[in-house]
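Participant: my questions are about this predicted structure, shown below with the sequence.
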Amino acid sequence: MSQYIVRRFLQMIPITFGILTLVFSLIHMIPGDPARQIAGPDAPEQDVQSVRKSLGLDQPLWSQYISYLGHVVRGDLGRSFQTNEPVSKQIRERYPATIQLAFGSMIVALLVAFPLGVISAIYRNRQRRAILRADRRLDAELLVRTAADHRVRDQSSMVSGLRTR
């Protein structure tokens, strides 16, 4: 059991690295200039350049990536572009509501899934037969309705044919 846990933790390393790489790539693929957004659309180019330098956006992409990984490993997720607060603080503030929502949804899922599982175990064979019977009834009903629709269309075309003569 302990080997399994150790193996799973070791598997988390490349997965986490892949997710971090994906997030970094997606952030850099978003159209627009974050320095321009922070400085404002009407800001002079000098202000935009100073914001770009303070964020490290003037460095090569590989250098930004190494810096990003280093900050994430230390737990520094950066500052929000919108509120200029630390992102880790914003996550801590919203985490209790996220946990409440997760537990609430798990309780609802258990309240629905548990009785349905018990009912399906009790009526295991009957349910399968009932589904097959309902399926056959539905098929028969569709055939009858289709045939009736064709008969009605045929009769209406015959009546309209008689009227035109």
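Facilitator: Received, thanks.
Participant: what count of nearby residues applies to the closest residue to Gln59 other than its chain neighbours?
Facilitator: Distance criterion Cβ to Cβ, 6 or more residues apart in numbering; nearest residue to Gln59, sequence neighbours excluded, is Ser67 at 7.5 Å. C-beta here means a position set from N, CA and C on the backbone, and glycine is covered the same way. Using other Cβ atoms under 10 Å, Ser67 has 12 other residues around it.
Participant: and for Ala39?
Facilitator: Count around Ala39 with other Cβ under 10 Å applied: 19.
Participant: same question, Gln64
Facilitator: Counted with other Cβ under 10 Å, Gln64 comes out at 17.
Participant: hmm, Asp58 and it touching each other?
Facilitator: No: the pair Gln64 / Asp58 is not scored as a contact, 9.4 Å apart, by Cβ atoms under 8 Å.
Participant: tell me the phi and psi of Leu77?
Facilitator: Here is the backbone geometry of Leu77 (degrees, to the nearest 10): phi -90, psi 10.
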